[in-house]
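**Student:** this one's sequence-less:
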């Protein structure tokens, strides 16, 4: 790797050679990097990009879940407060609620009479009775676009917004349209100012997001007792027409299950045939049928266990090749997630009945096999969710701290699961979306960021000029100490370390990359202003040794590249387009 000092010296030497060839006024000597026309300017103020979270709540609406829903709703305020302490304030939220009810067609089982049940569609409470959200079946609470918001961030506290210039127009679809694509947010959002002074675009009316969440998560307890949360999730994820606008390509998708039984996602409708008895192929139609044909243990299942306790060990979901499997394999749902998105953008959380080492089976009042509850409480108890726990395990390194990804529904508060999801969201966002900012002007010393970073040449400069990217910049974190950030050492990771690099020689450093979106956003205006071949598309990245507890903004002050040859008799290539003074078409007139 060529040291930075040698690269910059080579770049300066090239400029001096060009000056010697094209200087009209030998009495005036060029100043190299001290060129009078390369003024220092604030080329960008960056904060952690306002992250996007699409949250799907899969809510059990079968008999006996009303109390769990009330407990969950009581903890939603804690969840929102945790989200507001996210660096930069509340992320851009979409929240949709579905139920576990998919019916039992073609059989008419009590509580499962509606063919297809709720079909994995977003609901606004029971029978869509909630007044809000307005215009959509899901909640939208996002930051306005196209306006300036001043933010005050203190670690561990909600971000405050002492000033902003946002108006209703900044909540219209046009404000959320980039590069001629479709709007990223729906129509009908209304500007609201929350209690922190921060402007938000919402479809929750005057009630606010918390009240809308409380209503939409009240799904009742009269739904089908054969809960199919994973299949309902699949329908929600794949039916993009019914949920148009909810799923955003750059958002993190979090799924939270609230359920008191295991997943019973049925792949054959004959599973619901109610005519069986103990000796028939399917046995008696009770919830134990979900266990027998969805879970396998070291011991074979006994449908007539008596009313004592029979223990089963090493229980796990039946796989697709298992001839006794009548439920969809867990792998099919995990594979769907992998097909739809990067796993880093998916978070799975369950509030259900945890499974340890054994399952216990006893008998019900009809002497039929019955899975014992894992815990007892006033809300009817909960069955161990072997299948659902296995699904969650697919997306976490296991064993994992069970304080958040799989929480017992029998507890009196679900706040640990909710706040744990927030912390996981923050950690993943910090890894995936570090400090990045598009530079709104061309940088002196980096006239072709794409070519200098190994991409295609986006200028018509000579290769030796286009290959150099050594901008003169001062970067600092906008924290309490205005901490300066040095440039990354080109001798380490070619000067482009990962956003989070535990081996980074310093706590933090900055480097410049090329981003096509940055180029697209500014190239048109640059071309109009200059008419020359200089390229843009530079983007600053701050790399860190560790994920910070909070992320302040960062300011970038650099020597900017003039948009054109500003004087035609200084013997200097002011705009670094390879043409000096009257050689440059800028000086034609």
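**Tutor:** All right, it came through fine. In this text, all values refer to a predicted model and were calculated from it rather than measured experimentally. Numbering: from 1, shown residues only.

**Student:** can you give me the strands for the stretch 401-550 of the chain?
**Tutor:** Along the stretch 401-550 of the chain, the stretches classed as strands by DSSP state E, counting those that start in this stretch are 406-408, 436-438, 473-477, 484-485, 508-514, 538-544.

**Student:** out of these, which is the most enclosed?
**Tutor:** strand 538-544 (a mean of 24; mean count of other CB atoms under 10 Å). C-beta here means a position set from N, CA and C on the backbone, and glycine is covered the same way.

**Student:** mind giving me the packing neighbours of it?
**Tutor:** strand 436-438, strand 473-477, strand 508-514, strand 554-559 (3 or more CB pairs under 8 Å, 6 or more residues apart in numbering; DSSP states H and E).

**Student:** looking at those, which is closest to residue 200?
**Tutor:** Nearest to residue 200 among the helices and strands packed on strand 538-544 is strand 436-438; the distance by CB to CB comes to 22.6 Å.

**Student:** what sits closest to residue 442 if chain neighbours are left out?
**Tutor:** Residue nearest to residue 442 in three dimensions, not counting chain neighbours: residue 561, with 3.9 Å by CB to CB, 6 or more residues apart in numbering.

**Student:** please tell me how far the one you found sits from residue 569.
**Tutor:** To residue 569, residue 561 is 20 Å away according to CB to CB, to the nearest Å.

**Student:** more crowded one of these two?
**Tutor:** Counted by other CB atoms under 10 Å, residue 561 and residue 569 do not tie: residue 561 has more neighbours, with 25 against 12.

**Student:** surely the more buried one touches residue 447?
**Tutor:** Yes - if you go by CB atoms under 8 Å, residue 561 and residue 447 touch, sitting 6.5 Å apart.

**Student:** got the phi/psi numbers for the residue most central in space within the chain?
**Tutor:** By CA atoms, centre = their mean, the chain has its centre lying nearest to residue 252, at 2.2 Å. When read as degrees, to the nearest 10, the backbone of residue 252 gives phi -80, psi 130.

**Student:** give the contact list for it.
**Tutor:** 51, 52, 53, 54, 345, 346, 347, 425, 428, 429 (CB atoms under 8 Å, 6 or more residues apart in numbering).

**Student:** try residue 147
**Tutor:** Contacts of residue 147 (CB under 8 Å, 6+ apart): 164, 165, 166, 167, 170, 199.

**Student:** among those, name the ones in strands.
**Tutor:** Secondary structure from DSSP state E places 164, 199 of the contacts of residue 147 in strands.

**Student:** buried ones among the contacts of residue 147?
**Tutor:** 164, 166, 170, 199 (16 or more other CB atoms under 10 Å).

**Student:** for residue 369, state which of the residues you listed is nearest.
**Tutor:** Among these, and counting by CB to CB, the member closest to residue 369 is residue 199, at 57.5 Å.

**Student:** ok, the closest one touching residue 149?
**Tutor:** Yes - Residue 199 lies in contact with residue 149 (CB under 8 Å); the separation is 6.5 Å.

**Student:** tally of neighbours for residue 316?
**Tutor:** Neighbours of residue 316 (other CB under 10 Å): 15.

**Student:** ignore what I typed, I meant residue 300.
**Tutor:** 9.

**Student:** relative to residue 308, how far out is it?
**Tutor:** In terms of CB to CB, residue 300 sits 17 Å off from residue 308.

**Student:** what do you get for residue 188?
**Tutor:** 60 Å.

**Student:** higher neighbour count, those two?
**Tutor:** Set side by side, residue 188 and residue 308 show more neighbours around residue 188, with 16 against 9, by other CB under 10 Å.

**Student:** name the nearest residue to residue 545, ignoring sequence neighbours.
**Tutor:** residue 504 (4.4 Å).

**Student:** isn't the one you found right up against residue 543?
**Tutor:** Yes - Residue 504 is within contact range of residue 543, at 6.1 Å (criterion: CB under 8 Å).

**Student:** who touches both of the two?
**Tutor:** What both residue 504 and residue 543 touch, as defined by CB under 8 Å, 6+ apart, is the set residue 497.

**Student:** mind listing the helices for the stretch 151-300 of the chain?
**Tutor:** 209-216, 229-238, 288-294 (DSSP state H, counting those that start in this stretch).

**Student:** make CSV out of the ones you listed and add distance to residue 466, mean neighbour count and mean pLDDT.
**Tutor:** Output for the helices of the stretch 151-300 of the chain, formatted as CSV (distance: least, CB to CB, whole Å; neighbours: other CB atoms under 10 Å; pLDDT from 0 to 100):
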stretch, distance to residue 466, mean neighbour count, mean pLDDT
helix 209-216, 49, 22, 96
helix 229-238, 44, 22, 97
helix 288-294, 61, 24, 96
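
**Student:** to residue 107, which of those lies closest?
**Tutor:** helix 288-294 (12.5 Å).

**Student:** name the helices or strands packed onto the closest one?
**Tutor:** strand 369-371.

**Student:** give me the sheet partners of the strand it packs on and which way each runs.
**Tutor:** strand 358-363 (antiparallel) (DSSP bridges).

**Student:** can you pull the pLDDT of the residue nearest to residue 442?
**Tutor:** Listed pLDDT for residue 561 reads 76.

**Student:** need phi/psi at it.
**Tutor:** According to degrees, to the nearest 10, residue 561 has phi -90, psi 120.

**Student:** go on, residue 274?
**Tutor:** Dihedral angles (degrees, to the nearest 10) for residue 274: phi -90, psi 0.

**Student:** how about it, what does it touch?
**Tutor:** Contacts of residue 274 (CB under 8 Å, 6+ apart): 107, 109, 285.

**Student:** need those residues in JSON lines (columns: distance to residue 484, pLDDT and neighbour count).
**Tutor:** Below are the contacts of residue 274 laid out as JSON lines (distance: CB to CB, whole Å; pLDDT from 0 to 100; neighbours: other CB atoms under 10 Å):
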{"residue": "107", "distance to residue 484": "70", "pLDDT": "95", "neighbour count": "16"}
{"residue": "109", "distance to residue 484": "68", "pLDDT": "94", "neighbour count": "16"}
{"residue": "285", "distance to residue 484": "70", "pLDDT": "95", "neighbour count": "20"}
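
**Student:** which of those sits closest to residue 387?
**Tutor:** Compare each of these with residue 387 using CB to CB and the shortest gap goes to residue 285, at 18.9 Å.

**Student:** circling back: distance of the residue nearest to residue 442 from residue 471?
**Tutor:** Counting by CB to CB, the gap from residue 561 to residue 471 is 9 Å.

**Student:** got it, and residue 365?
**Tutor:** On the measure of CB to CB, residue 365 and residue 471 end up 77 Å apart.

**Student:** what's the neighbour count on the residue nearest to residue 160 when sequence neighbours are not counted?
**Tutor:** Counting by CB to CB, 6+ apart, residue 160 lies nearest to residue 152, which is 4.4 Å off, once chain neighbours are set aside. Residue 152 is flanked by 14 other residues according to other CB under 10 Å.
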